[in-house]
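>>> Have a look at this prediction, sequence included:
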Amino acid sequence: MSASALWQAPVPKRLPSVLALLRALLTRDHNLLALLPASAYEVDIGPLGYSRRQIVVVNEPSLVKQVLQERAAQFPKSDLMVEALDPLVGQSIFTSSGEQWQQQRRMIDPAFTHMRVNRAFASMRAAVESMETTLDRVCVEAQAQSLDLTMSHLTADVICRTVFSAPLATDTAREVFEAFTVFERSVAQVRLHRLILAPAFTPVKQEAAVVAACERIRYHLGLLLDTHLQGAHFDDIASQVVQARDGVSGEGFSREALIDQLGVMFLAGHETTASALTWALTMLAMRPDIVASMREEIAQVVGSGPIEYEHIKALVRVRNVFREALRLYPPLTFMPRVALEAGQLGSMRLKRGALVMIAPWTIHRHRRYWRDPDAFDPERFSAEREHELTPGAYLPFGFGPRVCIGAAFALTEATLILAQLVRRYEWSVLKPEAVQPAARLTTRPREQVMVRWGRR
């Protein structure tokens, strides 16, 4: 299929800076993508619209490397992100900086051995098989289902089995999904009026609904954690974090700090993958030719038997579909950093407190780095076209010392899930023309994607 015939993935209309600002202020749905002007997709580094606080978008890979790796101490995670996530995961490994982060990382590192994909694969497959039982019933009922909720439940179950050695109850999965949706849509840091008008380092009080949503999520995590604090023996991530001790003081994490740390693993490990899978399956519904190609590969590699761990690397087309979904709809739309002091970054003079936006969303759609960047084209990751890829222009899992430790886990999990769903089911999106992206803290469909499932 020619590039011009490729299906173009949904994206907000690109407007000049002033019009983008007006759109963001008038829509009032806290969608940060609305604030992006057309220039944000074209510059190496440049101002992001008009705001009281200096906001800069950084696209050029060498400048991204400076911010996330070479000068990382000068550009810690932004006050906006830290404040937003504080009621959910506190001063955890995801939000902390400097010596505190290094100390936490040293304590938690042993637990990451349990995220080795060969060790976790059985838990992944058990979660998928459980979801198939549910989907088989859905197929008989022929009722529309939320694809977002289905993928969130599935990936949360995978993480729950890996972290806590227990499947996740359906009611709990739904409540966590709904609570996170409330949190993401209402957290004060994604309010565009605040982003545009408030000065740097301005503290903000969260709404009661946001605090309540965080408390619900932390309550369920606490119940899962308590099974590991009551003396039972487990060989999993949670048990390793419970046993972790500081090398100097010999102290471990308190119960609240354990919920912080395990909450990061739980939420980051399932929410991001669920978002990308939702987008992948939505786009595949528009491209039956790619689905047919995936089924052909699965039949050649796996045959009719179960998908084993050793099959995953050979399912190249399936994996590339997920990689392309991560490119078009990176779960972390932005990786905001803050300039601790005034200084120079590329051609820009930064003020103290400047918000430095490393934006996978704009880097992944930059015409200098990608051919037909808005097209859904998994073949761009094939070995034959590997020469087209620009080093440093693909960063769905971050970059530098804080790169996502679960990247290999997520790729394996997603390849298994896509392969199993594609070989077993048909699905259709009820209103594909209505599917639009929104970015608050992650990149999600603005409204839930409703699908109808059927058995092949």
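It's in. Residues are numbered from 1 along each chain as shown.

>>> Got phi/psi on residue 375?
Backbone torsions for residue 375, taken as degrees, to the nearest 10, come to phi -90, psi 140.

>>> So what pairs up with it in the strands?
residue 8 (DSSP bridges).

>>> how many other residues sit next to it?
By the criterion of other Cβ atoms under 10 Å, residue 375 has 18 neighbours. From N, CA and C alone the C-beta is placed, and that goes for glycine too.

>>> Please report the distance of it from residue 257.
45 Å (Cβ to Cβ, to the nearest Å).

>>> cool, and residue 318?
Distance, residue 318 to residue 257, using Cβ to Cβ: 38 Å.

>>> more neighbours, those two?
Each of residue 318 and residue 257 has its neighbours counted (other Cβ under 10 Å); residue 318 has more, 29 against 15.

>>> Secondary structure element for the more buried one, which one?
Per DSSP states H and E, residue 318 falls inside helix 316-328.

>>> following that helix, which helix or strand shows up next?
Past helix 316-328, the next helix or strand by DSSP H and E is strand 335-338.

>>> For that next one, name the packing helices and strands.
helix 79-89, strand 355-358 (3 or more Cβ pairs under 8 Å, 6 or more residues apart in numbering; DSSP states H and E).

>>> And for the longest one, what's in contact with it?
Helix 79-89 has contacts (Cβ atoms under 8 Å, 6 or more residues apart in numbering) with 92, 94-95, 183, 187-190, 195, 200-201, 203-204, 206, 210-211, 214, 217-218, 260-261, 263-264, 267, 336, 338, 355, 441.

>>> Show me which of those are buried.
Among the contacts of helix 79-89, the ones that count as buried by 16 or more other Cβ atoms under 10 Å are 92, 94-95, 183, 187-190, 195, 200, 206, 210, 214, 217-218, 260-261, 263-264, 267, 336, 338, 355, 441.

>>> Show me these that map onto strands.
The strands, defined by DSSP state E, take in 336, 338, 355 from the buried ones among the contacts of helix 79-89.

>>> now the helices and strands packed on strand 335-338 as JSON lines including mean pLDDT and distance to residue 31?
Putting the helices and strands packed on strand 335-338 into JSON lines (pLDDT from 0 to 100; distance: least, Cβ to Cβ, whole Å) gives the following:
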{"stretch": "helix 79-89", "mean pLDDT": "83", "distance to residue 31": "16"}
{"stretch": "strand 355-358", "mean pLDDT": "94", "distance to residue 31": "15"}
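
>>> Out of these, which one sits most buried?
Stretch with highest mean neighbour count among the helices and strands packed on strand 335-338: strand 355-358 (a mean of 24; mean count of other Cβ atoms under 10 Å).

>>> Put the alpha carbons of it into PDB.
These are the backbone C-alpha positions of strand 355-358, laid out as PDB (Å, rounded to 0.1, in the frame of the first residue of the first chain):
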ATOM      1  CA  LEU A 355       8.800  24.100  32.100                       C
ATOM      2  CA  VAL A 356      10.800  22.000  29.600                       C
ATOM      3  CA  MET A 357       8.500  19.700  27.700                       C
ATOM      4  CA  ILE A 358      10.100  16.600  26.300                       C
END
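
>>> Could you spell out the sheet neighbours of it, each with its direction?
Going by DSSP bridges, the partners of strand 355-358 are strand 55-58 (parallel), strand 335-338 (antiparallel).

>>> List the buried residues in stretch 312-329.
So, applying 16+ other Cβ under 10 Å, buried residues of stretch 312-329: 312, 315, 317-329.

>>> Which one of the residues you listed is nearest to residue 155?
Nearest to residue 155 among the buried residues of stretch 312-329, counting by Cβ to Cβ, is residue 322 at 12.3 Å.

>>> Point me to the helix or strand that includes the closest residue in space to that closest one that isn't next to it in sequence.
Counting by Cβ to Cβ, 6 or more residues apart in numbering, residue 322 lies nearest to residue 414, which is 4.3 Å off, once chain neighbours are set aside. Element membership for residue 414 (DSSP H and E) is helix 407-424.

>>> ditto for residue 438
Assigned by DSSP H and E, residue 438 belongs to strand 437-439.

>>> roughly how far is the helix or strand that that strand is followed by from the heart of the chain?
The helix or strand immediately downstream of strand 437-439 is strand 443-445, counting by DSSP H and E. Distance of strand 443-445 from the chain centroid (Cα atoms, centre = their mean, to the nearest Å) equals 9 Å.
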